[in-house]
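Peer 1: Okay, here's the prediction I keep looking at, along with the sequence it came from:
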Amino acid sequence: MAQRTPARTPHDWWRSAVIYQVYVRSFADGDGDGTGDLAGVRARLPYLAELGVDALWFSPWYQSPMKDGGYDVADYRAIDPAFGTLAEAEKVIAEARELGIRTIVDIVPNHVSDQHPWWRAALTGGPERELFHFRAGRGDHGELPPNDWKSEFGGPAWTRLPDGDWYLHLFAPEQPDLNWAHPAVRQEHEDILRFWFERGVAGVRIDSAALLAKDPRLPDFVEGRDPHPYVDRDELHDVYRSWRGVADEYGGVFVGEVWLPDSERFARYLRPDELHTAFNFSFLACPWDARRLRTSIDETLAEHAPVGAPATWVLCNHDVTRTVTRYGRADTGFDFATKVFGTPTDLALGTRRARAAALLSLALPGAVYVYQGEELGLPEADIPRDRIEDPMHFRSGGTDPGRDGCRVPLPWVAEAPYAGFGSREEPWLPQPADWPAYAAGLQAEDPGSMLSLYRQAIRIRRTTPGFGDGALTWLPSADGVLAFARTEGLVCMVNLSETPAELHRDSRLLLSSGPLDDHGRLPQDTAAWLLI
Ligand code: GLC
């Protein structure tokens, strides 16, 4: 049943791929009920083919009560009815593949939904309780949580049940953590991997990949103590080596969501018998500053080199502030802890920088991720407080705006209701009033649009030798200018300084993120690709 149709890229496609993240709920609404769905995706596959991407990563599309946008999975082998059916998912996979586009699914191994059959059985006191982390509380009457761990979304990582026991959830209470020391948990996930590889998916994104293993004693967290009780524990590597065996049976690949400050520890996940790739969050979080970007790039390449894994370049995703907004603020880095309402933003500035950053990331060695709407230059939206759904907002006590601002349903057609996202019902998150101006249809007609830039850049990247996996050599450049060569005479320059930068004299301009000045120089916050 596994599909073996040749795609337009070779078997190690993932080393150089452009991978587009689809957040189904907000991509395109085929049945008009206000929620994106697989019918919407199928209808827009030609758009994705024209954009030129090699693969689609689907954020979880499984059956879910959507307490965390689908990262609370009730059934890993069923599609959420709001999105469609399993048969439709198989069609998406097959139809995309006919267009030369591979599919990556998102597996969430750290936790399940509180609607998952295992959890329901655990609540009735069955043996399934062993599949989770239940403990008695501390204090005279067990009224205190078993330890001091905090949820990633704020508040304690423990919730007490009516029977008096507490259970662990590193995220929302509706996402109980699985006990990865239990063999049934491991077995089940390898079966799930097989289930999706059998359906023709080319890869799997692993959610919260460094959090699965817990210290069995569940001790309090002590700053600086090694090993951490639940982040990046050594036991995990055994899990991923075993997963790799499964992936190799199908030629499948992994991308891990591994947020780790220590680059040596990060690289361990990318050893040849573990994950193929992992997201590069240091680049995503890096401020718009030439020196810091260069350091981030150098460190990334240095940490990947010893394990032979390609780097990935990510500017945004469904969890972080959209790129044009982030780059238009005084603090151009990203940090969950510093998100607040009402941060002043210069969108014109942010957009100029985001255009330059797109050419930068597409020229760097390795694979590139594009989050839906990034190719339209969508800004982070302000969601009215009474429409926010993200648990991160609620568990912060309402101070964190949450992640819904980057999850707003896409604008497709300027003149259509709801900017062409869907037809009948209002989208599940409100679209800002200026959303139609960002519509894909409009941008496709405008050679100066963000969409046109992405289309041209991806086309050039695909057809010109020198891009993708391989080496990078820094070229001498003025302060605040990044300039590097790939092979085949390909050069990328990004000017982050106020002084216009001279292009190399004997070069041919392939593409620039904005116009050159009257003297043919590269202005501030502009990038260019050159052939020398
Ligand atoms: C990952 C996902 C995020 C989700 C969390 C819990 O970080 O990207 O959206 O909330 O895991 O599953």
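Peer 2: Sure thing, it's come through.
Peer 1: Could I get the contacting residues of the spatially most central residue of the chain?
Peer 2: The central residue of the chain, meaning the one whose C-alpha is nearest the mean C-alpha position (C-alpha atoms, centre = their mean), is Asn317 at 4.2 Å. With C-beta atoms under 8 Å, 6 or more residues apart in numbering as the criterion, the residues that contact Asn317 are Gln21, Phe279, Leu284, Tyr369, Tyr371, Cys406. No exception for glycine: its C-beta is placed from N, CA and C like everyone else's.
Peer 1: For the ligand, what is the nearest residue in this structure?
Peer 2: Nearest residue of the chain to the ligand: Tyr71, at 3.3 Å (C-beta to the nearest ligand atom).
Peer 1: what residues does the stretch 1-150 of the chain put near the ligand?
Peer 2: Within the stretch 1-150 of the chain, the positions near the ligand by C-beta under 6 Å from any ligand atom are Asp68, Tyr71, Val108.
Peer 1: where along the stretch 401-532 of the chain do the helices fall?
Peer 2: Read by DSSP state H, counting those that start in this stretch, the stretch 401-532 of the chain holds these helices, from start to end of the chain: 440-445, 450-463.
Peer 1: before we move on, what about the chain?
Peer 2: 38-43, 45-51, 86-98, 117-123, 183-198, 235-250, 263-268, 281-285, 290-304, 323-326, 347-363, 391-395, 440-445, 450-463 (DSSP state H).
Peer 1: And these: which comes nearest Val481?
Peer 2: With C-beta to C-beta as the criterion, Val481 lies closest to helix 290-304 of these, at 6.6 Å.
Peer 1: same for that closest one, what does it pack against?
Peer 2: Counting contacts by 3 or more C-beta pairs under 8 Å, 6 or more residues apart in numbering; DSSP states H and E, the secondary-structure elements packed against helix 290-304 are helix 263-268, helix 281-285, strand 481-485.
Peer 1: Let me see the residues that make contact with the second one.
Peer 2: When you say that, I think you mean helix 281-285. 258-259, 263, 293, 296-297, 299-300, 313-317, 320, 333-335, 361.
Peer 1: what is the mean pLDDT for that helix?
Peer 2: Summarised as a single mean, pLDDT over helix 281-285 is 96.
Peer 1: Show me what from the protein comes close to the ligand.
Peer 2: Near the ligand, when you scan the chain using C-beta under 6 Å from any ligand atom, you find Asp68, Tyr71, Val108, Phe171, Asp207, Ser208, Glu257, His318, Asp319.
Peer 1: Let me have the residues you listed in JSON lines, extended by distance to Trp288 and pLDDT.
Peer 2: Written out in JSON lines, the entries for the residues of the chain next to the ligand read as follows (distance: C-beta to C-beta, whole Å; pLDDT from 0 to 100):
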{"residue": "Asp68", "distance to Trp288": "30", "pLDDT": "98"}
{"residue": "Tyr71", "distance to Trp288": "29", "pLDDT": "98"}
{"residue": "Val108", "distance to Trp288": "32", "pLDDT": "98"}
{"residue": "Phe171", "distance to Trp288": "30", "pLDDT": "98"}
{"residue": "Asp207", "distance to Trp288": "28", "pLDDT": "98"}
{"residue": "Ser208", "distance to Trp288": "28", "pLDDT": "98"}
{"residue": "Glu257", "distance to Trp288": "24", "pLDDT": "98"}
{"residue": "His318", "distance to Trp288": "21", "pLDDT": "98"}
{"residue": "Asp319", "distance to Trp288": "20", "pLDDT": "98"}
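Peer 1: how about JSON lines for those, with distance to Leu349 and neighbour count added?
Peer 2: Converted to JSON lines, the residues of the chain next to the ligand look like this (distance: C-beta to C-beta, whole Å; neighbours: other C-beta atoms under 10 Å):
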{"residue": "Asp68", "distance to Leu349": "33", "neighbour count": "23"}
{"residue": "Tyr71", "distance to Leu349": "33", "neighbour count": "24"}
{"residue": "Val108", "distance to Leu349": "36", "neighbour count": "27"}
{"residue": "Phe171", "distance to Leu349": "34", "neighbour count": "25"}
{"residue": "Asp207", "distance to Leu349": "33", "neighbour count": "20"}
{"residue": "Ser208", "distance to Leu349": "33", "neighbour count": "21"}
{"residue": "Glu257", "distance to Leu349": "30", "neighbour count": "19"}
{"residue": "His318", "distance to Leu349": "24", "neighbour count": "20"}
{"residue": "Asp319", "distance to Leu349": "23", "neighbour count": "20"}
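Peer 1: burial count for the closest residue to Ser26 other than its chain neighbours?
Peer 2: Closest residue to Ser26 apart from its sequence neighbours, by C-beta to C-beta, 6 or more residues apart in numbering: Pro409 at 4.5 Å. Residues near Pro409, counting by other C-beta atoms under 10 Å, number 30.
Peer 1: who are the neighbours in contact with Pro409?
Peer 2: Applying C-beta under 8 Å, 6+ apart to Pro409 gives the contacts Arg25, Ser26, Phe27, Asp29, Gly36, Tyr418, Phe421, Gly422, Pro427, Trp428, Leu429, Gln431.
Peer 1: I'd say Trp243 and Phe254 touch.
Peer 2: Yes. Contact status for Trp243 versus Phe254: in contact at 7.0 Å, counting by C-beta atoms under 8 Å.
Peer 1: Those two: who's more crowded?
Peer 2: Relative neighbour count places Phe254 above the other of Trp243 and Phe254, with 25 against 22, counting by other C-beta under 10 Å.
Peer 1: mind listing what the more buried one touches?
Peer 2: Gly203, Val204, Arg205, Ile206, Tyr240, Trp243, Arg244, Ala247, Leu275, His276, Thr277.
Peer 1: I'd like those as JSON lines, with pLDDT appended.
Peer 2: Converted to JSON lines, these look like this (pLDDT from 0 to 100):
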{"residue": "Gly203", "pLDDT": "98"}
{"residue": "Val204", "pLDDT": "98"}
{"residue": "Arg205", "pLDDT": "98"}
{"residue": "Ile206", "pLDDT": "98"}
{"residue": "Tyr240", "pLDDT": "98"}
{"residue": "Trp243", "pLDDT": "98"}
{"residue": "Arg244", "pLDDT": "98"}
{"residue": "Ala247", "pLDDT": "98"}
{"residue": "Leu275", "pLDDT": "98"}
{"residue": "His276", "pLDDT": "98"}
{"residue": "Thr277", "pLDDT": "98"}
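Peer 1: Tell me the one among these nearest to Asp114.
Peer 2: Nearest to Asp114 among those, counting by C-beta to C-beta, is Ile206 at 21.5 Å.
Peer 1: Count the residues that sit near the spatially closest residue to the closest one that is not a sequence neighbour.
Peer 2: Beyond its immediate neighbours in the sequence, the residue positioned closest to Ile206 (C-beta to C-beta, 6+ apart) is Gly256, lying 4.7 Å away. Counted with other C-beta under 10 Å, residues neighbouring Gly256 total 24.
Peer 1: Asp234 too?
Peer 2: Look at Asp234: counted by other C-beta under 10 Å, it has 10 neighbours.
Peer 1: That one and His11, how far apart?
Peer 2: Counting by C-beta to C-beta, to the nearest Å, the separation of Asp234 from His11 is 31 Å.
Peer 1: Equivalent analysis for Tyr230, please.
Peer 2: With distances taken as C-beta to C-beta, Tyr230 is found 36 Å from His11.
Peer 1: more crowded one of those two?
Peer 2: Ranked by neighbour count (other C-beta under 10 Å), Tyr230 and His11 place Tyr230 first, with 21 against 10.
Peer 1: Need phi/psi at the more buried one.
Peer 2: Torsion angles at Tyr230 (phi, psi; degrees, to the nearest 10) stand at phi -150, psi 0.
Peer 1: List the contacts of it.
Peer 2: Shown in contact with Tyr230 (C-beta under 8 Å, 6+ apart): Trp149, Leu170, Leu211, Ala213, Lys214, Asp215.
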